[in-house]
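Visitor: what's the 3D shape of this:
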Amino acid sequence: MSLNNFAGRTVAVDTLSGTTTEELWSPSMAPAATRTASGIEDWRTVIAAGQAVSISAEATAAQHPRPGVVYRRVRDAPPVPVWLAWWADSPPRNLSALVQLVCEQYGRRTPEVP
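Guide: Predicted coordinates:
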């Protein structure tokens, strides 16, 4: 599957927690319309009801399975940034090990930990 498969279709966009925006597509392969969803549950309901298709990070398939919703890899979609956050005055214990583990899981070079 590629971004071209979304051309001419209605795409659900989770404006509360999603990462999908219209900037993913060039004008020549843009979806016909977007359908706003207010959170992951609304997003999944719109898709399960056949009212739209969508695109999401790979983690969504593992964390939010639902009968009637099928997840497929989109080969040419750009990667989604992953951020780790913590209170500035209270970093997690073993922060360096946590950052290293996350980077290994995502196949990235381990950055400097502040």
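
Visitor: now do the longest helix belonging to the chain: distance to the chain's middle.
Guide: As far as residue count goes, and with DSSP state H defining each element, the longest helix of the chain is helix 95-105. The gap between where helix 95-105 is centred and where its chain is centred comes out at 20 Å by Cα atoms, centre = their mean, to the nearest Å.

Visitor: buried residues in it?
Guide: Residues of helix 95-105 classed as buried: residue 99 (neighbour count, 16 or more other Cβ atoms under 10 Å). From N, CA and C alone the C-beta is placed, and that goes for glycine too.

Visitor: which SS class is residue 68?
Guide: coil (DSSP: H, G, I helix; E, B strand; the rest coil).

Visitor: now do the helices in the chain.
Guide: Residue ranges of the helices in the chain, as given by DSSP H, are 40-48, 58-63, 95-105.

Visitor: need phi/psi at the residue of the chain most remote from its centre.
Guide: Computed with Cα atoms, centre = their mean, the maximum C-alpha offset from the centroid of the chain is found at residue 89, amounting to 29.3 Å. When quoted as degrees, to the nearest 10, the phi and psi of residue 89 stand at phi -100, psi 10.

Visitor: now residue 105: how far from residue 57?
Guide: In this structure, residue 105 and residue 57 are 13 Å apart, going by Cβ to Cβ, to the nearest Å.

Visitor: try residue 104
Guide: With distances taken as Cβ to Cβ, residue 104 is found 18 Å from residue 57.

Visitor: strands along the protein, start to end?
Guide: Remark: strands assigned in the chain by DSSP state E are 10-14, 33-37.

Visitor: residue ranges in this structure under the pLDDT threshold?
Guide: The model of the chain has pLDDT under 70 over residues 108-114.

Visitor: centroid-nearest residue for it?
Guide: Closest to where the C-alpha atoms of the chain average out (Cα atoms, centre = their mean) is residue 57, at 2.6 Å.

Visitor: my guess is residue 37 contacts residue 15, does it?
Guide: Yes: using Cβ atoms under 8 Å, residue 37 is in contact with residue 15, at 7.1 Å.
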